[in-house]
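Asks: fold the following and give me the result.
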Amino acid sequence: MDNLVLNFQFLGDSHHTIAFSFRVGRTTVSAIVKEVCIELWNVLQPLYLPTPTEEVWKKSEIGFRELWNFPNCVGSIDGKHVRIKCPPKTGSSFFCYKNFFSLVLLGMIDGMMVDPEYKFLIVDIGSYGRHSDSSIFENSSFYREFLQGTTILPPKPLPGTTTPIPHVFVGDEGFKLETFLMRPFPRAVVAQNEEKKVFNKRLSRARRVVENAFGILAQKWRVFLRPIEVEVDTAEHIVKATCCLHNYLRSTSTIEDELEEDSIPPTSALSNTQRLKERSSIAATSVRENFVNYFNNLRDQ
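Replies: Residues are numbered from 1 along each chain as shown. Predicted coordinates:
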């Protein structure tokens, strides 16, 4: 049974190929894959993808500050489209702007001080492909538990300053600028403003860890290199299981990953989500300007 599932996830074999190789029916293969993925999540999630604690957030902030030079950052977040076969009777719900059917994997990576581990801190899986990162994020259980009406960690001054600044996540253009979530300035703005270009470079460097994690995930688990031709709920269980296995391997492997941080190849297996164009609040803009001033003051010193 284990070999059957690994052939599907690790090698990316289709159910038809696996059924022929193991001399079992395709329905049996589908049932086994789903059952094993559910058990992998049930066993591994509490150990390798547990709910973050305050101590985890504090360690993550130290990592982003000392490794990636982005203080008061507690996580790098991004959403990726996982290709799936068109689910029956769902209309355009799963049809994304890239012209294929997908469900969205929203992942958050920490900044732990361990030569970056690229482990998932939080995952949200199964949202419709037509939804944006921002709407998925705002409807996630993580948002409701940690961000709605509260803060992950109390605000504190950036190094060498006295004004308390909120702790933030860093994301791409798919997210709305919030007091707790920083996104880059538009390219047209950056082209005319050197200070904002400096901020974008710092944010891009901190955000790169989540891009690298998605790249490692897709390269390790070849099931992501083609549309997953199973029912939607089974596809969700498959993605959840691979995220747990990813963290398990990153935590327990004694052999350094063959791919260095700067050589992790881009992959089309997990496609970026759509950019969001939405007006930001004055408070969120003010927080971002504080980071802009801080990074440019460092450059001038």
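Asks: for the rest of this, base every contact and every neighbour count on C-alpha atoms.
Replies: Will do.
Asks: which stretches in the stretch 1-150 of the chain count as strands?
Replies: Taking DSSP state E, counting those that start in this stretch as the criterion, the stretch 1-150 of the chain contains strands spanning 73-83, 102-109, 120-128.
Asks: sec struct for Val292, please.
Replies: At Val292, secondary structure determined by DSSP: H, G, I helix; E, B strand; the rest coil is helix.
Asks: per-residue confidence at the nearest residue to it once chain neighbours are set aside?
Replies: Nearest residue to Val292 in three dimensions, chain neighbours excluded: Phe199, at 5.4 Å (Cα to Cα, 6 or more residues apart in numbering). If you check Phe199, the pLDDT there is 96.
Asks: ok, now Glu61?
Replies: 93.
Asks: confidence score at the closest residue to it other than its chain neighbours?
Replies: Distances taken as Cα to Cα, 6+ apart put Val74 closest to Glu61, at 4.6 Å, once the chain neighbours are dropped. On the pLDDT scale, Val74 is placed at 93.
Asks: relative to Leu153, how far out is Val74?
Replies: Distance from Val74 to Leu153, counting by Cα to Cα, to the nearest Å: 9 Å.
Asks: hmm, back to that, which stretch of helix or strand covers the residue nearest to Val292?
Replies: Assigned by DSSP states H and E, Phe199 belongs to helix 194-220.
Asks: ok so, going back, Val74 and Leu153: who's more crowded?
Replies: When neighbours are counted by other Cα atoms under 10 Å, Val74 comes out ahead of the other of Val74 and Leu153, with 29 against 17.
Asks: what about the more buried one, distance to Phe199?
Replies: 17 Å.
Asks: cool, Val36 as well?
Replies: 44 Å.
Asks: Asn296 too?
Replies: For Asn296, the distance to Phe199 - Cα to Cα - is 8 Å.
Asks: quick check: phi and psi on Glu178?
Replies: Phi and psi for Glu178, reported as degrees, to the nearest 10, are phi -130, psi 170.
Asks: C-alpha coordinates for stretch 62-69, CSV please?
Replies: Output in CSV follows, covering the C-alpha atoms of stretch 62-69 (Å, rounded to 0.1, in the frame of the first residue of the first chain):
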residue,chain,number,x,y,z
ILE,A,62,14.4,36.5,15.0
GLY,A,63,15.0,34.5,11.9
PHE,A,64,13.6,37.1,9.5
ARG,A,65,15.5,39.8,11.3
GLU,A,66,18.9,38.1,11.4
LEU,A,67,18.8,36.0,8.2
TRP,A,68,16.7,38.1,5.9
ASN,A,69,17.2,41.6,7.4
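Asks: buried sites along that stretch?
Replies: Across stretch 62-69, burial judged by 16 or more other Cα atoms under 10 Å covers Ile62, Gly63, Phe64, Arg65, Leu67, Trp68, Asn69.
Asks: likewise for stretch 79-89?
Replies: Quick answer for stretch 79-89 (16+ other Cα under 10 Å): Gly79, Lys80, His81, Val82, Arg83, Ile84, Lys85, Cys86, Pro87.
Asks: now swap in stretch 236-250 and tell me
Replies: Those would be 236-248, 250, for stretch 236-250 by 16+ other Cα under 10 Å.
Asks: returning to that earlier point: tally of neighbours for the residue nearest to Val292?
Replies: Neighbour tally, Phe199, other Cα under 10 Å: 24.
Asks: spatially central residue in the chain, please.
Replies: Gly107 (2.3 Å; Cα atoms, centre = their mean).
Asks: so who does that residue touch?
Replies: By Cα atoms under 8 Å, 6 or more residues apart in numbering, the contact set of Gly107 is Ile77, Asp78, Gly79, Phe120, Leu121, Ile122, Val123, Asp124, Val210.
Asks: before we move on, what SS does Pro154 have?
Replies: Pro154 - assigned by three-state DSSP - is coil.
Asks: ok, now which ones touch Glu195?
Replies: By Cα under 8 Å, 6+ apart, the contact list for Glu195 reads Val292, Asn293, Asn296.
Asks: scan those residues and report the most crowded one.
Replies: Going by other Cα under 10 Å, Val292 tops these with 18 neighbours.
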